[in-house]
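Chemist: Attaching a predicted model along with its sequence, questions to come.
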Amino acid sequence: MYIHFIAMGGAVMHNLALALHTQGHKVTGSDDEVFDPALSRLKKAGILPDNFGWFPEKINAELDAVILGMHAHADNPELAKAKSLGLKIYSFPEYIYEQSKNKKRLVIGGSHGKTTITSMIMHVLKATGKDFDYMVGSKLEGFELMVKLTDSAPVIILEGDEYPDSALNKTPKFLLYKPDIAFISGIAWDHINVFPTFENYCEQFQFFLDMVPADGKIIYNIEDAKVKKVADKTSATSEKIPYQTPEYVIENGTTYYLHNGNKTSLQVFGKHNLSNMAGAYEVCKQLGITETEFFSAIKTFKGAANRLEKIASNNQVTVFKDFAHSPSKLKATISAVKEQFDGRKIIACMELHTYSSLNKEFIAEYKNCMDGADVKVVFFNPHTIELKRLEKITNEEVKKLFAHDDLVVLNIKDEIENFLHQQNFTNSVLLLMSSGTFDGMNLPDMIQFVLKKTA
């Protein structure tokens with residue numbers, strides 16, 4: 001097939017482009033900017049656009065399909081040309097569904113934990129030799145790409161979020177996958193730019209469960225009251241399978257899962273990750289994985305990239321990088337580190353970077369979310385607020401809304417770098433939590449500084 005990607009530089013988009021290119025399809029694409037790792041990977045494969053920008057002349061009648069990324073606006077000139085030629089235009093969820101209509105589709109939804117749960121399932125399936133396709137939102141050890149589509153695999157594992165698929169349809173992605181097995185890990189209001197009320201946000205998860213066929217399955221976190229309410233209310237007649245956090249213990253810095261008098265050592269930690277593991281287990285059971293097979297495999301799971309990922313350590317300090325940016329994720333990450341590293345000072349730095357997190361109305365949701373951290377830092381760049389066309393907010397307002405008297409609020413890369421340089425990292429954990437880059441902070445240099453300071 002001959003396939004063109006509009007806005008091909010996104011995390012999933014460039015992985016899908018690479019997957020199709022690897023299968024022998026002719027792949028072209030465009031974007032107004034592409035950053036690493038997409039830049040290097042597309043260049044190595046020989047499909048990086050020669051020039052950045054939008055070029056309607058790339059769109060022609062020979063194309064079998066055009067795949068539209070979230071980054072592309074409704075007035076994109078390439079999109080307009082594709083429409084005028086009557087070409088088949090898909091968002092990436094629509095395209096993945098088209099390629100998996102004859103497979104069992106297992107969709108992992110929820111406001112938090114999606115990537116980790118999907119990664120856990122993939123890790124176990126690979127370890128047990130199962131044939132499966134997948135789409136996951138982060139790089140995972142042992143998997144070259146974040147997307148795999150084949151003709152042979154009988155099942156596909158899909159991380160399905162509730163954010164709109166593209167500028168054309170604005171349909172929550174997880175609805176487009178039409179799940180045979182639907183999974184919800186938790187519900188905590190997010191994407192205020194799309195779902196202005198919490199009720200409207202919850203409604204999307206109701207739609208998600210309601211579409212599960214009678215012979216399908218619904219797997220859900222019964223400890224989350226909002227999830228339980230949606231599961232109880234669904235019109236779907238499919239079997240419901242609840243899960244909850246299992247028993248565990250922490251000994252000498254290692255977390256162990258407890259079951260039937262046995263202890264299984266784990267490389268992940270935190271109550272939220274034990275809950276994620278319990279959910280992943282219920283999914284794997286539906287795919288024929290035994291309890292012995294699951295726990296034999298899961299003990300070697302190290303986590304997904306940027307999800308409470310340990311990036312450096314010595315005998316005095318451990319540094320984690322985490323994607324945590326929403327209130328529920330921030331709270332869960334700090335709680336997990338506090339429990340795992342009892343007695344250590346926790347230095348927690350988070351960046352307000354997403355549309356929701358920079359919205360003055362939404363920031364109140366962060367109230368007390370950094371409880372448990374000994375040093376609390378919130379960073380945001382006022383220029384980012386301007387780019388997102390949001391109402392300006394002051395450092396004082398942020399501090400008041402977070403409701404931490406000892407909160408430090410910073411706005412410039414040099415400020416956060418200088419602040420960290422002044423910290424005492426003896427017997428500590430440094431948490432760097434963001435979906436951004438702290439305005440381009442040189443992370444490798446910062447890590448080396450922290451390690452040398454405690455050497």
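Modeler: Yep, that arrived.
Chemist: Give the rounded mean pLDDT of the helix or strand encompassing residue 105.
Modeler: In this structure, residue 105 sits in strand 104-109 according to DSSP states H and E. Averaged across strand 104-109, pLDDT comes to 98.
Chemist: how does this structure divide into domains?
Modeler: 2-87, 95-298, 309-453 (automatic domain parsing).
Chemist: Partner strands of the strand holding residue 105 and their direction?
Modeler: With DSSP bridges as the test, strand 104-109 is paired with strand 155-159 (parallel), strand 181-184 (parallel).
Chemist: for the helix or strand that comes right after that strand, packing partners?
Modeler: Once strand 104-109 ends, the next helix or strand along the chain (criterion: DSSP H and E) is helix 114-127. The helices and strands touching helix 114-127, judged by 3 or more CB pairs under 8 Å, 6 or more residues apart in numbering; DSSP states H and E, are strand 104-109, strand 155-159, helix 271-286, helix 291-298. For every residue, glycine as well, the C-beta is placed using N, CA and C.
Chemist: just how off-centre is the shortest one within its chain?
Modeler: What it means is strand 155-159. Counting by CA atoms, centre = their mean, to the nearest Å, strand 155-159 is centred 15 Å from the centre of its parent chain.
Chemist: cool, and the third one?
Modeler: Here the centre of helix 271-286 is set off from its chain's centre by 17 Å, with CA atoms, centre = their mean.
Chemist: can you check the first one too?
Modeler: Mean-position distance between strand 104-109 and its chain equals 15 Å (CA atoms, centre = their mean).
Chemist: Can you check what angle separates that strand from helix 271-286?
Modeler: Here strand 104-109 runs at an angle of 170 degrees relative to helix 271-286 (axes from the mean of the first three to the mean of the last three CA atoms, to 10 degrees).
Chemist: related to what we said a few turns ago, out of the helices and strands packed on helix 114-127, which gets nearest to residue 426?
Modeler: Closest to residue 426 of the helices and strands packed on helix 114-127, according to CB to CB: helix 271-286, at 27.0 Å.
Chemist: which residues make contact with that closest one from outside it?
Modeler: The contact list for helix 271-286, computed with CB atoms under 8 Å, 6 or more residues apart in numbering, reads 106, 108, 112-113, 116-117, 120-121, 124-125, 181, 183, 185, 217, 219, 221, 223, 241, 243-246, 248, 255, 257, 266, 268, 291, 293-294, 298, 303, 308, 332-333, 335-336, 339.
Chemist: can you do 6 Å?
Modeler: 113, 116-117, 120-121, 124, 217, 219, 241, 243, 245-246, 248, 294, 332 (CB atoms under 6 Å, 6 or more residues apart in numbering).
Chemist: ok, of the residues you listed, which come out buried?
Modeler: Among the contacts of helix 271-286, those classed as buried by 16 or more other CB atoms under 10 Å are 113, 116-117, 120-121, 124, 217, 219, 241, 243, 245, 248, 294, 332.
Chemist: Include pLDDT and distance to residue 166 when you put the residues you listed into a markdown table, please.
Modeler: Formatted as a markdown table, these follow (pLDDT from 0 to 100; distance: CB to CB, whole Å):
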| residue | pLDDT | distance to residue 166 |
| --- | --- | --- |
| 113 | 90 | 25 |
| 116 | 93 | 26 |
| 117 | 96 | 25 |
| 120 | 96 | 29 |
| 121 | 98 | 26 |
| 124 | 97 | 32 |
| 217 | 98 | 29 |
| 219 | 98 | 28 |
| 241 | 98 | 32 |
| 243 | 98 | 32 |
| 245 | 96 | 36 |
| 248 | 95 | 41 |
| 294 | 96 | 36 |
| 332 | 89 | 30 |
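Chemist: Where does the prediction get shaky in the stretch 101-250 of the chain?
Modeler: Counting by pLDDT under 70, the stretch 101-250 of the chain contains no low-confidence range.
Chemist: Strands of that one, start to end?
Modeler: Assigned by DSSP state E, counting those that start in this stretch, the strands in the stretch 101-250 of the chain fall at 104-109, 133-135, 147-148, 155-159, 181-184, 217-221, 239-243, 248-251.
Chemist: Which one of the ones you listed lies nearest to residue 58?
Modeler: strand 147-148 (22.1 Å).
Chemist: what sits up against the closest one?
Modeler: Identification of contacts with strand 147-148 by CB under 6 Å, 6+ apart yields 15, 16, 19, 133, 134, 135.
Chemist: And the residues you listed, which of them are buried?
Modeler: 15, 16, 19, 133, 134, 135.
Chemist: State the three-state secondary structure for the first one.
Modeler: Spelled out, that is residue 15. helix (DSSP: H, G, I helix; E, B strand; the rest coil).
Chemist: what ranges do the helices span in the stretch 301-450 of the chain?
Modeler: Remark: helices assigned in the stretch 301-450 of the chain by DSSP state H, counting those that start in this stretch are 327-340, 360-363, 382-387, 395-402, 413-421, 443-453.
Chemist: and what of the stretch 1-150 of the chain?
Modeler: Using DSSP H, counting those that start in this stretch, the helices of the stretch 1-150 of the chain run over residues 11-22, 38-45, 77-84, 92-99, 114-127.
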